[in-house]
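Novice: sequence? don't have it. structure:
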């Protein structure tokens with residue numbers, strides 16, 4: 001199976017309903033209409049693996065070119081195709097593609113903190129998800145990350161880790177940190193894009209204040 005970039009609204013809606021809705025809590029998942037609009041605007045991209053039964057795995061990226069950041073927003077695999085390496089193969093291909101498109105950049109990902117989010121049959125095991133990314137060299141930013149609200153009226157999602165999946169050499173600060181400027185620019189842009197306003201409340205400001213000129217990396 002080779003990764004395919006999806007652009008058609010019907011194909012995107014199929015992936016949203018068949019892979020993303022079963023895998024992610026509603027408060028963490030954008031609506032299908034918003035996903036289609038973002039892909040159409042070029043601010044998001046969806047890569048999938050397919051077999052004879054349809055989509056096997058999907059990776060969704062949001063692009064923040066002003067910040068030099070690509071966010072892996074979602075990675076999901078069809079339940080009957082898990083533990084077969086499909087998610088890893090798709091992620092490897094996606095990272096190669098997105099680095100070529102956006103470098104020099106940071107590629108980030110949002111992952112639930114297992115200390116605060118319980119696993120489930122539907123949504124998977126947060127600890128296993130961290131191990132999956134850790135095997136691929138991911139590190140987590142030392143930040144009190146909270147996901148902005150994905151739609152009007154939805155709550156923010158606290159107790160998430162913001163992982164670094166790739167850092168261009170010019171954005172690294174030794175082995176234990178990355179340049180904090182693109183991280184802060186990404187956070188400001190994400191809150192503005194998702195919530196429609198610059199972050200001014202204590203929760204968001206605490207997150208922004210934790211971003212220094214160099215932002216430390218921790219093991220996952």
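Specialist: The structure has been received and is ready for your questions. Predicted model, so just to flag it, every value in this text is computed and none were measured.
Novice: Residue 172 - how many residues pack around it?
Specialist: Residue 172 is flanked by 16 other residues according to other Cβ atoms under 10 Å. In short, each C-beta sits where N, CA and C put it, glycine included.
Novice: show me the contacts for it.
Specialist: Neighbouring residues of residue 172 by Cβ atoms under 8 Å, 6 or more residues apart in numbering: 178-179.
Novice: do that again at 6 Å, thanks
Specialist: Contact analysis of residue 172 by Cβ atoms under 6 Å, 6 or more residues apart in numbering lists residue 178.
Novice: can you list the weak-confidence ranges in this structure?
Specialist: 81, 119-123 (pLDDT under 70).
Novice: For it, which segments are assigned as helices?
Specialist: Per DSSP state H, the chain carries helices over the ranges 9-15, 21-23, 32-41, 86-102, 126-134, 180-195, 202-209.
Novice: Point out the most buried one among those.
Specialist: helix 180-195 (a mean of 19; mean count of other Cβ atoms under 10 Å).
Novice: Which neighbouring elements make contact with that one?
Specialist: strand 214-219 (3 or more Cβ pairs under 6 Å, 6 or more residues apart in numbering; DSSP states H and E).
Novice: Looking at the chain, which strand is longest?
Specialist: In the chain, taking DSSP state E as the definition, the longest strand is strand 54-64.
Novice: buried stuff in that one?
Specialist: 55-64 (16 or more other Cβ atoms under 10 Å).
Novice: List the contacts of the residue of the chain positioned farthest from its centre.
Specialist: Here the chain reaches farthest from its C-alpha mean at residue 52, the gap being 27.3 Å by Cα atoms, centre = their mean. By Cβ under 6 Å, 6+ apart, the contact set of residue 52 is empty.
Novice: if I look at it, how far off is residue 1?
Specialist: Distance, residue 52 to residue 1, by Cβ to Cβ, to the nearest Å: 10 Å.
Novice: list the buried ones in stretch 109-128?
Specialist: For stretch 109-128, by 16+ other Cβ under 10 Å, it's 109-112, 114, 117, 123-126.
Novice: Over to stretch 133-153?
Specialist: Buried residues in stretch 133-153 (16+ other Cβ under 10 Å): 133, 138-143, 145-150.
Novice: Find residues that contact each of residue 52 and residue 1.
Specialist: What both residue 52 and residue 1 touch, as defined by Cβ under 6 Å, 6+ apart, is an empty set.
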